[in-house]
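Trainee: Provided below for reference: sequence and predicted model.
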Amino acid sequence: MHLVTENELLQTVLEMAEALGYVVYHVLEQSHYAKRTAKGFPDLVMCRDQDLDRGRDARMIVMELKSQLGKVSDDQLRWLDYFRQFGIENYLIRPSDLDNLENLLR
């Protein structure tokens, strides 16, 4: 049985989000820019404009991605809570959530 890695999860989420009309910002952990980002900031910020012809509302979604057994840090939980307090959709996504991901992003 193949366990989905965080990077494989990321690629799946990116492909699906872009196919559904989102513009996605991803913080690259390996880059030197990540060192300038606040600790625990979510992996993805996704935005989509309203498209009445397709029956789509404008949305902003923030996601933290983790492998199935990956640990969520207190800093990551704090950021997700900040976004929640401001009414911004936010999710912790694991490979077990992939079956529902397309519905979540629609």
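Mentor: Received it, and whenever you're ready, just let me know what you need. Bear in mind the structure is a predicted one, so any value in this text is a computation, not a measurement.

Trainee: Helix or strand for the residue nearest the centre of the chain, just tell me which one.
Mentor: Nearest to the geometric centre of the chain sits M63, at 2.5 Å (Cα atoms, centre = their mean). Per DSSP states H and E: M63 is located in strand 59-65.

Trainee: Just the buried residues of that strand, please?
Mentor: By neighbour count on 16 or more other Cβ atoms under 10 Å, the buried set for strand 59-65 is R59, I61, V62, M63, E64, L65. All C-beta spots, glycine's among them, are computed from the backbone N, C-alpha and C.

Trainee: Now compare those residues and name the two farthest from each other.
Mentor: R59 and L65 (17.8 Å; Cβ to Cβ).

Trainee: How much space separates the nearest residue to E18 once chain neighbours are set aside from K71?
Mentor: Distance criterion Cβ to Cβ, 6 or more residues apart in numbering; nearest residue to E18, sequence neighbours excluded, is V24 at 6.5 Å. To K71, V24 is 24 Å away according to Cβ to Cβ, to the nearest Å.
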